[in-house]
Structures are given as C-alpha cells and as structure tokens.
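Asks: need coordinates for the following:
(chains A and B)
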Amino acid sequence: MYVAVKGGERAIDNAHRWLEDERRGDRKVTDLSVDQIKTQLSLSIAKVMAEGSLFDPELASLAIKQARGDLIEAIFLIRAYRTTLPRFGVGKPINTDKMIAKRRISATFKDIPGGQLLGPTFDYTHRLLDFKLLADGSIDEFEPGKDTEQMFQHVTQLLNNEGIIETEETSSSEADSPDLTRQPLEIPANRALRLQALTRSDEGFLLGMAYSTQRGFGRNHPFVGELRIGLISVEFEIPELGFNIEIAEIEISECETVNQFLGSKIHPPKFTRGYGFVFGQSERKAISMALVDRALRWKELGEVSDGAPAQDEEFVLYHGDNIQATGFVEHIKLPHYVDFQAELELIRKIRKTAFEAKKDE
Amino acid sequence: MLLGRSKWLSYLAKSSESDLVGLYESTGLDPSYTYLRKPEIGTIMATARIGNTGQKFNAGEISVTRCSIQLEDGKIVGHGYVQGRSKKKSTVAALCDALMQSDKRTLIESKIVIKLKEIEKKRHDLIKRKAEKTKVDFFTLVRGEDEK
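Replies: Next comes the predicted model:
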C-alpha cells in the first residue's frame, strides 16, 4: 500500500525540469531532430512500434527523443497515447504473399523460387567498429539494380504441396478473434491470442525464452523456413462506403519455422510450424516469436511437456509485456512508508518477544 | 484511365502528407466545403493470419485519421480515411474524393491520383531493385573426382 504524500511538488517540478535539461544535453551540440531519429534509428523505431503496439514511425521517434533513448520508457509513452485514441475498426487480414520484400531468405532450401534476397542485413558483417562514422559520416548512396518483379510463394507452401508439413487453416470462430487490449488476457489462451501477446512482448524476454528452447528447455528443433521483411498494404472496410480500401502501408517482419514431426501409425509424420510476425524490421524478434509460438503448442500437438519455462503459457504470456513488468518491478521504489512502518513494528515486536523469552530462560 | 473509388481512396490514404498536399495545392483548386465529420485521429487494428493462411490474430494498431466533407457546389460527399495523424492530409483526401465525383475528375485524377500512384510505384520499384542487387547467386563448384 502507498498513501498520498504531500510536500513533494516543488521537488518533483524541479526534478522534471532538470530531466528536460539533461535530455537536451550539451547546448554546443546540435539538437537531435525527430526526423533524424525517424530516418537514422529505424530499428529502435521498429522496437518501439512493435512493443508499443502502434504503427506510427513519427510518434515512435518522438517518444524515443522524449525518453532520452530509453526504449521501454518510449514504449510506455506510446501505450499511454494509444489508449486515448478511438478505434475505427479492424483491418482485413494482411496477405504477406503480396509483400514488397527488402529481405527474404530461407535456411531450408538454397534454390527457392524468387531467390534469396539478403537485404540491408548485419549478417556477414565482421562486427568491427567503423571508425569512419566517428569522423566523417558521408556514405555513398546504394545504387539500385535492374527492374524486377516480385511474387514470392511462401516456402512452407512448397512443402505443403508435397503434404509434408501441417497446413494452417482458418477457423470457423474467427469472427471473434480474442483481443487482449479489450479483454484481460486469460489462460488457457488460444494460439491467436498467444500470438497477439507475443508480437507485443519484450524482444529481450522472447529472445531469452527462444534461446532456452534451443538449449534444451523444451522441445524445439527448428529451421527457419523463411524470413521476410518488407512493405505490406493493410486493407480496411470504410464503414460509410461498405468496401475495402488500402488504408495504410506498413513494414513488417515475418518468420516461419519448420519444426520436427508430428505423426502416428495412421497419419504419416509431418513437419510442424511456428510463426512470427512483428511490426517493423525486427527479425531477431520474429525468429524468437516463431520459436516460442512452437514451444507453446505442445498441448495441441499432443506432445508431452518437459515443464520448460517456454512451454508454460502462463509464464510466457504474463511476463513478456515489458510495460506491465516495468510497472510492477519499478513501483517498489515509490514511497511505501506505511507498509514499511508496519513491517518495522512487526519485527521489533518479534525481536522483543524473543529477547524476553531468552531473559526468562 | 478510369480508376475505381476504392483505388483512388487507397492512393490518397497511403500517400505522404507532403506529396498529397503539395499536389493538391498545385491544382489551384479551393472549393468551399463543410465538414460532415471533423477530422478525428484514431486507430485500426491490423490483423494477420497464422502462417499467412491460418487463424486470424490481432497484430497491433495503426494510426489513422478520418473526416467527411461536403462540397458546397453540388453537395457531393467525400471521405478522407488516411494513414497517420494529419488532419490536413485527411481533409485534402476527402476533398479529392469528392472532386473525383465531380466535373473536376479528369483534373484531380491526372494531377493528383495518377501522380500518387506513380510515386508509390517508384517507391516500391526502388526497394525491389535494391533487393534484387542483394540476391544470392549460388553456384556449385565442380569437384575434380566427378569429371570423367
């Protein structure tokens, strides 16, 4: 319990003014613009949009500036802002076949129709600090190649043609897709609800969970069937008009894993799947999400749980939200004077009784 | 070229504010209108399908702005549903939508909608062309012992 404590207003005001001053930093250095953040720290933007669960690069940039680069604080600002907005409706399901891909790779097949596009990746860099950036930031523009068309069938679809991987089918009850921003998250959650929770979960938490499954805490032997990053249109039915328009274009990362088998004497074995879908260029998180999605599916696939953390949906879904987590963890620094007073009195009483008992011996 | 209303609303919605407003102002049009619904910022919930073909799930929200206007002249109604948080962009989109239904259609289509379509195509082509340049060209070395 914490009670209202009066008398801190002036200190709080001054603390916030100092915060603003510190945020601005050395006045001899140019002020960082929201546009600079938006165009040059795009992967931070991606994280803030994904975990803030609101696609808006400009707002994410503003939040990062205001939060002095503390991304969880920035996500908090986005979540808080989002709650003030009315929701006009629900978009039509995105079709990632139609993606304008910046990057599209497969770790299962070398020769995939459409080819492997590396895109602007950190992979294969030597991870050596580039001291040129410290001195002179001028970088040559990347010259585009020749005109080309893109129409990429999903790699899992190729396996599907052979019937050796499970198919993902629409469910009849999908009209009422659960939405954890409207109803509190309840366990057991179906896969759709789990994916909504995972896609807004903390990247670091998901990464740790995914890593644990690979190291043996849970059954997971995946290959990345396909990873793609690019632009995708979002369709929405205009209520006044009764037809769909492409209302927005967003960048997303999608990862499909191919995992080990499910089968019996009657049904021949098939590969199983995990799915990751994240706002922005966030492939580490998309891969992690697919691994954790697959780990959480043990029950519906008739597997035996190893009791591993990543297979425990209550553990994963209730602890992955970094705003809930930071709220609860950090609140213990706020005044708890009354609680603590009670504890103090209790321990004094116990000690007194103990001393008196000793004296009596 | 005759575009359907869904198409033109899509190009208006996905354009950047500066492109749309710039093109609109270059037409010199300034019709009188009244708001049926004043510009309002909100969100839509984006959805995706598990594995792109499976069950639908909520993927996160996108900021959008909407408004509806009515032209004084002809009482034509236009809707401006656009991506982002710009009331100006929403209003200009609604005006373009209404004008596309008026005798100004040819002008709006050629000076704004087609231009936005070209800008979008250029943006997409640029990504595809850059991606194409990072395409992996696998080749297999012929090993000595196989040459017979």
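
Asks: show me what contacts the residue of chain A found nearest chain B?
Replies: Going by C-beta to the nearest C-beta, chain B is nearest to residue A:168 of chain A, at 2.9 Å. Backbone N, C-alpha and C define where each C-beta goes, glycine included. Residues near residue A:168 by C-beta atoms under 8 Å, 6 or more residues apart in numbering or on different chains: A:273, A:275, B:49-55.

Asks: make it 10 Å
Replies: When contacts are counted by C-beta atoms under 10 Å, 6 or more residues apart in numbering or on different chains, residue A:168 is found next to A:156, A:160, A:191, A:256, A:273, A:275, B:49-55.

Asks: state the pair within these that is farthest apart.
Replies: The most widely separated members of the contacts of residue A:168, counting by C-beta to C-beta, are A:160 and A:191 (18.3 Å).

Asks: where along the chain do the helices fall?
Replies: In the absence of a named chain, this looks at chain A. Remark: helices assigned in chain A by DSSP state H are A:9-24, A:34-40, A:42-52, A:57-66, A:71-82, A:132-135, A:155-162, A:191-199, A:203-214, A:283-296, A:313-319, A:322-330, A:337-360.

Asks: not quite, I wanted chain B
Replies: Remark: helices assigned in chain B by DSSP H are B:5-14, B:17-26, B:87-99, B:105-108, B:114-132.

Asks: and the closest residue to residue B:130 other than its chain neighbours, how many neighbours does it have?
Replies: Leaving aside its chain neighbours, residue B:130 sits nearest to residue A:144 (4.8 Å; criterion: C-beta to C-beta, 6 or more residues apart in numbering or on different chains). Number of residues near residue A:144 (other C-beta atoms under 10 Å in any protein chain shown) recorded here: 16.

Asks: contact partners for residue A:268?
Replies: For residue A:268, the residues meeting the contact criterion (C-beta under 10 Å, 6+ apart) are A:163-164, A:261.

Asks: switch the cut-off to 6 Å
Replies: Shown here is residue A:268, which makes no contacts under the criterion C-beta atoms under 6 Å, 6 or more residues apart in numbering or on different chains.

Asks: next: the one 3 residues further on.
Replies: Shown here is residue A:271, whose contacts under the criterion C-beta under 6 Å, 6+ apart are A:165, A:258.

Asks: any idea how far it lies from residue A:214?
Replies: Counting by C-beta to C-beta, to the nearest Å, the gap between residue A:271 and residue A:214 amounts to 17 Å.

Asks: alongside chain B, which residues does the stretch 51-200 of chain A contribute?
Replies: Of all the residues in the stretch 51-200 of chain A, those in contact range of chain B (C-beta under 6 Å from any C-beta of the partner chain) are A:53-56, A:85-91, A:93-94, A:96, A:100-102, A:110, A:115-119, A:144-145, A:148, A:150, A:154, A:168-169, A:171, A:174, A:177, A:179, A:192, A:195-196, A:199.

Asks: PyMOL command to pick out the buried ones of those residues?
Replies: The following PyMOL line selects those of those that are buried, judged by 16 or more other C-beta atoms under 10 Å in any protein chain shown:
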select buried, chain A and resi 53+54+55+56+85+88+90+91+93+94+96+100+101+102+115+116+117+118+119+144+148+150+154+168+177+179+192+195+196+199
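
Asks: tell me which of the residues of the stretch 51-200 of chain A next to chain B fall in strands.
Replies: A:54-55, A:87-91, A:93-94, A:100-102 (DSSP state E).

Asks: residue ranges with poor pLDDT in chain A?
Replies: In the prediction, chain A carries residues with pLDDT under 70 at positions A:1-5, A:172-176, A:264-265.

Asks: can I see the domain layout of it?
Replies: Using automatic domain parsing, the domain parsing of chain A gives A:9-82, A:96-120+A:148-168+A:180-320, A:330-360.

Asks: among these, which comes closest to residue B:121?
Replies: The nearest among the domains of chain A, by C-beta to C-beta, is domain A:96-120+A:148-168+A:180-320 at 10.4 Å.

Asks: work out the gap between the closest one and the centre of the chain.
Replies: Taking the mean of its C-alpha atoms, domain A:96-120+A:148-168+A:180-320 sits 12 Å from the chain's own mean (C-alpha atoms, centre = their mean, to the nearest Å).

Asks: now do the same end-to-end measure for that domain.
Replies: The first residue of domain A:96-120+A:148-168+A:180-320 is 26 Å away from its last residue (C-alpha to C-alpha, to the nearest Å).

Asks: what residue, apart from its backbone neighbours, is nearest the closest residue to chain A within chain B spatially?
Replies: Residue nearest to chain A within chain B: residue B:54 (2.9 Å; C-beta to the nearest C-beta). Closest residue in space to residue B:54, ignoring its immediate chain neighbours: residue A:168 at 2.9 Å, by C-beta to C-beta, 6+ apart.

Asks: what separates residue A:234 from residue A:245, distance-wise?
Replies: As judged by C-beta to C-beta, residue A:234 and residue A:245 stand 10 Å apart.

Asks: let me redo that: residue A:147
Replies: For residue A:147, the distance to residue A:245 - C-beta to C-beta - is 28 Å.

Asks: between these two, point out the one with more neighbours.
Replies: Each of residue A:147 and residue A:245 has its neighbours counted (other C-beta under 10 Å); residue A:245 has more, 25 against 9.

Asks: correct me if wrong: the more buried one contacts residue B:9.
Replies: Yes - between residue A:245 and residue B:9 there is a contact under C-beta atoms under 6 Å: 4.3 Å.

Asks: show me the contacts for the closest residue to residue A:45 other than its chain neighbours.
Replies: Once flanking residues are discounted, residue A:45 sits nearest to residue A:60: 4.5 Å by C-beta to C-beta, 6+ apart. Residues in contact with residue A:60 (C-beta under 6 Å, 6+ apart) are A:45, A:48-49.

Asks: mind putting these into JSON lines with neighbour count?
Replies: Formatted as JSON lines, the entries for these read as follows, by neighbours: other C-beta atoms under 10 Å in any protein chain shown:
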{"residue": "A:45", "neighbour count": "27"}
{"residue": "A:48", "neighbour count": "31"}
{"residue": "A:49", "neighbour count": "29"}
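
Asks: what's around residue B:78, how many residues?
Replies: By the other C-beta under 10 Å criterion, the neighbourhood of residue B:78 contains 25 residues.

Asks: list the beta-bridge partners for it.
Replies: residue B:69 (DSSP bridges).

Asks: backbone torsions only: list them for residue A:153.
Replies: Torsion angles at residue A:153 (phi, psi; degrees, to the nearest 10) stand at phi -70, psi 140.

Asks: find the nearest non-adjacent residue to it, please.
Replies: residue A:113 (6.0 Å).

Asks: biggest strand in chain A, by residue count?
Replies: strand A:244-262.

Asks: spatially nearest residue to residue 43 (excluding sequence neighbours)?
Replies: Picking chain A for this. If you skip the residues right next to it in sequence, residue A:43 has residue A:281 as its closest partner in space, 6.1 Å away by C-beta to C-beta, 6+ apart.

Asks: meant chain B actually
Replies: In space, residue B:43 comes closest to residue B:61 once its chain neighbours are excluded; the distance is 4.0 Å by C-beta to C-beta, 6+ apart.

Asks: so the one you found makes contact with residue B:41?
Replies: No - with contact taken as C-beta under 6 Å, residue B:61 and residue B:41 are classed as non-touching, separated by 11.9 Å.
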